[in-house]
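K.L.:
With the input below, show me the fold.
(one chain, ligands or ions: 2)
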Amino acid sequence: MTLALVVVLLAQAIPYQRPVETAPQEKTIGGGYKTPPVQKPLPRDYWLQMADVALLGAATGLSVWLAIKRRSRKGLAWLSIGSLAYFGFYREGCICPIGSIQNVTVALTNPAYSIPIVVTAVFFIPLVVALFFGRAFCGGVCPIGAIQDLVVLKPIQTPRRLDRILGLLKYVYLGLAIFFALKPGMARDFLICRFDPFVGFFRRTGAPHMFMLGGAFLITGMFVGRPYCRYLCPYGALLGWCTRLARRGVTVTPDKELDCGLCARACPYGAIEKMRAVRKDCLYCARCYGSCPVYRRRSVSGAGSLDVQGSDS
Ligand code: SF4
Ligand code: SF4
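P.N.:
Ligands and ions are numbered 1, 2, ... in the order given. Take a look at the predicted model:
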């Protein structure tokens, strides 16, 4: 948390084409004044963009290792705080696989629209990892997931039926985002970016109604774990599909369960059914491990670092 605050204070200044002080002051505006052309932020150095991609890949790999091999809640919590500080507050919500859905959609359907390799890589890295290891990106890397994870206070278990119905919203949102991204010319709209409820916090600027929306998600998130992730995130929908093919993922108990239900109660995201982590819903927070008496016993006896395998869904 302290780290996140430090990064907010030291957050990068956006570089512009001209010094901002050259903007006309009130007293200089007089007859003959011409409005200067709109300034655009300079593009980030290419090597820095590639460094971001490398960092994203490394953080996702680390998240896989911490969740599946080390089974470390503490490690994942620190990783997600670091990701929130860097990808969230320092990089101000860019780079973002969630928003890149729209760029990739347009690029796939319009030969005149090209996207940088960096955007393509950012879109695919978490999905490819999910194909093999599940939603490790959600557990330790995504700043939007991390900011919601930090506020989880007293999560209630959403009734299963309601949870499933609300979970359908993200597919509707994904469809709408694609539909509006594919509109021609000026009618095109990138809904996911426009209605990102947290980017205002990361950039410390934005429309008041978006701050209110983000605040509402965070307050709700104190009692309903990660509502944006579970019910609205369109990229979460894609990750969920990819995890169906994953051969490895979070397994709550090492080899046999006790049917005690402690893990299901420990999961703030309703991702455990019949003592098994539901692969498409599991957000890789690793809270369930600590609740399992079988696993705790093994940890104490020194056999805690387990190489877990097999399907859990
Ligand atoms: S579900 Fe979406 S917002 Fe949540 S952690 Fe995953 S990618 Fe990020
Ligand atoms: S099953 Fe629940 S508690 Fe366990 S890692 Fe997945 S989301 Fe977290």
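K.L.:
from what I can see Cys142 touches Ser83, true?
P.N.:
Yes. The pair Cys142 / Ser83 is scored as a contact, 7.1 Å apart, by Cβ atoms under 8 Å. Heads up, the C-betas are built off the backbone N, CA and C, glycines and all.
K.L.:
is ligand 2 contacted by stretch 121-137?
P.N.:
No. Judged by Cβ under 6 Å from any ligand atom, stretch 121-137 stays clear of ligand 2, getting no closer than 8.5 Å.
K.L.:
CA-only coordinates of the one helix or strand Ala54 maps to in CSV, if you can.
P.N.:
Assigned by DSSP states H and E, Ala54 belongs to helix 46-64. C-alpha atoms of helix 46-64 as CSV (Å, rounded to 0.1, in the frame of the first residue of the first chain):
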residue,chain,number,x,y,z
TYR,A,46,10.1,1.9,-28.3
TRP,A,47,12.5,0.1,-26.0
LEU,A,48,10.4,1.2,-23.0
GLN,A,49,7.3,-0.2,-24.7
MET,A,50,9.2,-3.5,-25.2
ALA,A,51,10.4,-3.4,-21.6
ASP,A,52,6.7,-3.1,-20.5
VAL,A,53,5.8,-6.1,-22.5
ALA,A,54,8.7,-8.1,-21.0
LEU,A,55,7.6,-7.0,-17.6
LEU,A,56,4.1,-8.1,-18.2
GLY,A,57,5.3,-11.5,-19.4
ALA,A,58,7.6,-11.9,-16.5
ALA,A,59,5.0,-10.8,-13.9
THR,A,60,2.5,-13.3,-15.5
GLY,A,61,5.0,-16.1,-15.3
LEU,A,62,5.8,-15.2,-11.7
SER,A,63,2.1,-15.2,-10.9
VAL,A,64,1.8,-18.8,-12.4
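K.L.:
does ligand 2 sit close to the very next helix or strand once past it?
P.N.:
Next along the chain after helix 46-64, taking DSSP H and E as the criterion, comes helix 73-83. No. On the criterion Cβ under 6 Å from any ligand atom, helix 73-83 is out of touch with ligand 2, staying 8.5 Å away.
K.L.:
Check which helices and strands helix 73-83 sits against.
P.N.:
Applying 3 or more Cβ pairs under 8 Å, 6 or more residues apart in numbering; DSSP states H and E, we find helix 73-83 packed against helix 2-9, helix 46-64, helix 136-140, helix 143-151, helix 287-291.
K.L.:
could you dump these to CSV with mean pLDDT, distance to Ala177 and mean neighbour count?
P.N.:
Shown next, in CSV, are those (pLDDT from 0 to 100; distance: least, Cβ to Cβ, whole Å; neighbours: other Cβ atoms under 10 Å):
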stretch, mean pLDDT, distance to Ala177, mean neighbour count
helix 2-9, 51, 28, 13
helix 46-64, 96, 21, 17
helix 136-140, 96, 18, 29
helix 143-151, 97, 15, 24
helix 287-291, 88, 30, 21
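K.L.:
Which stretches in the stretch 201-313 of the chain count as helices?
P.N.:
In the stretch 201-313 of the chain, the helices defined using DSSP state H, counting those that start in this stretch lie at 208-221, 227-231, 234-243, 262-266, 287-291, 293-300.
K.L.:
right, and those helices - which one's nearest ligand 2?
P.N.:
With Cβ to the nearest ligand atom as the measure, helix 287-291 is the member of the helices of the stretch 201-313 of the chain nearest ligand 2 (3.2 Å).
K.L.:
which other residues reach stretch 153-166?
P.N.:
The contact list for stretch 153-166, computed with Cβ atoms under 8 Å, 6 or more residues apart in numbering, reads Met222, Phe223, Val224, Gly225, Arg230, Tyr231, Ala264, Arg265, Pro268, Tyr269, Gly270, Glu273.
K.L.:
Kind regards, and thank you for your time.
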